[in-house]
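K.L.:
Here is my input, please return the structure:
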Amino acid sequence: VEIPESVLNKIRDSKKTLIICGQDSYDKNFPELCSKLSNAMNLPVFADGASPLRFYAVLSDNTIANFASFLKSKNFIEVLDPELIIHFGNAPTSKTLLDFFRHSKAEKILVNRSGDWKDPSQTAKSLLPLDPSFFCEYLIENLQRGVNNSEYLDSIKELDRAVEELKIEKIDNAAFPFEG
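P.N.:
Got it, this is the predicted structure:
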C-alpha cells in the first residue's frame, strides 16, 4: 500500500498541520505511533473526549488538553487555523471540536481503515482507507525530514499552558462552600 505522492507533498509542504484523533478501535500500537509522529514532525494532537488517545498524553507533550477552551475563539481561527488537518478515526463527539473542524479552512485528510467518510461537516476532500498505525509509521519513516511545524506547535502549546494556568488559578482561588 502506498500513500499518494500528492498527499505526502501536502503534509511535507504544510507549516501548520494538526492531528485530530476521534474515537475508534485502534490497534494497540497506534497511541505510541501517533505520539512518535507528533514528536518527529512537531504536530499538535487534539484528542476528542471519546478518543483513547486522551489517556496516552504522557507519551507526547504535543497532546493538547485544553483545546476546547480556545477553539471557540474567532482569534484562534484567524491566526492559528491550520493549513492541514490529519483526522484519524470517527468524527469528533465534542461539539466544539466538530464546529472547529467544520469552520476551519484547512484541507482535511481522513484516515481510517474502513474507508468511510466519517465527516458530518462534509468538508474533507481526501480519504485514505488505511490503517492509522500504518499511516503513522509510513510518515515517520518517509517524511520527518523537511517538515517544520515547530512554530505552529509552539504557539498552540503556549495557548494550552496559558489556559491550564488560568484553570489552576481559578480553582486555587475559588471560595468553595463549607458543607461540613
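K.L.:
use CA for all of it now, contacts and neighbours both
P.N.:
Noted.
K.L.:
Could you check how far the longest helix belonging to the chain is from the centre of its chain?
P.N.:
When the chain is parsed with DSSP state H, its longest helix is helix 150-173. Its chain's average C-alpha position is 17 Å from that of helix 150-173, according to CA atoms, centre = their mean, to the nearest Å.
K.L.:
Tell me which other helices or strands that helix touches.
P.N.:
Under the contact definition 3 or more CA pairs under 8 Å, 6 or more residues apart in numbering; DSSP states H and E, helix 150-173 sits against helix 67-70.
K.L.:
redo that, cut-off 6 Å
P.N.:
Judged by 3 or more CA pairs under 6 Å, 6 or more residues apart in numbering; DSSP states H and E, helix 150-173 is in contact with no other helix or strand.
K.L.:
mind saving the C-alpha coords of that helix as CSV?
P.N.:
What follows is helix 150-173 as a C-alpha-only set of coordinates in CSV (Å, rounded to 0.1, in the frame of the first residue of the first chain):
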residue,chain,number,x,y,z
SER,A,150,7.6,23.8,15.3
GLU,A,151,6.5,27.5,15.3
TYR,A,152,2.8,26.4,14.9
LEU,A,153,3.2,23.7,17.6
ASP,A,154,4.9,26.2,20.0
SER,A,155,2.0,28.7,19.5
ILE,A,156,-0.6,26.1,20.3
LYS,A,157,1.3,24.7,23.3
GLU,A,158,1.7,28.2,24.7
LEU,A,159,-2.1,28.7,24.5
ASP,A,160,-2.6,25.3,26.2
ARG,A,161,-0.3,26.3,29.0
ALA,A,162,-2.0,29.7,29.5
VAL,A,163,-5.4,28.0,29.7
GLU,A,164,-4.1,25.4,32.1
GLU,A,165,-2.6,28.2,34.4
LEU,A,166,-5.9,30.1,34.3
LYS,A,167,-7.8,26.9,35.3
ILE,A,168,-5.4,26.2,38.2
GLU,A,169,-5.6,29.8,39.4
LYS,A,170,-9.4,29.9,39.3
ILE,A,171,-9.6,26.6,41.2
ASP,A,172,-7.0,27.6,43.8
ASN,A,173,-8.8,30.9,44.4
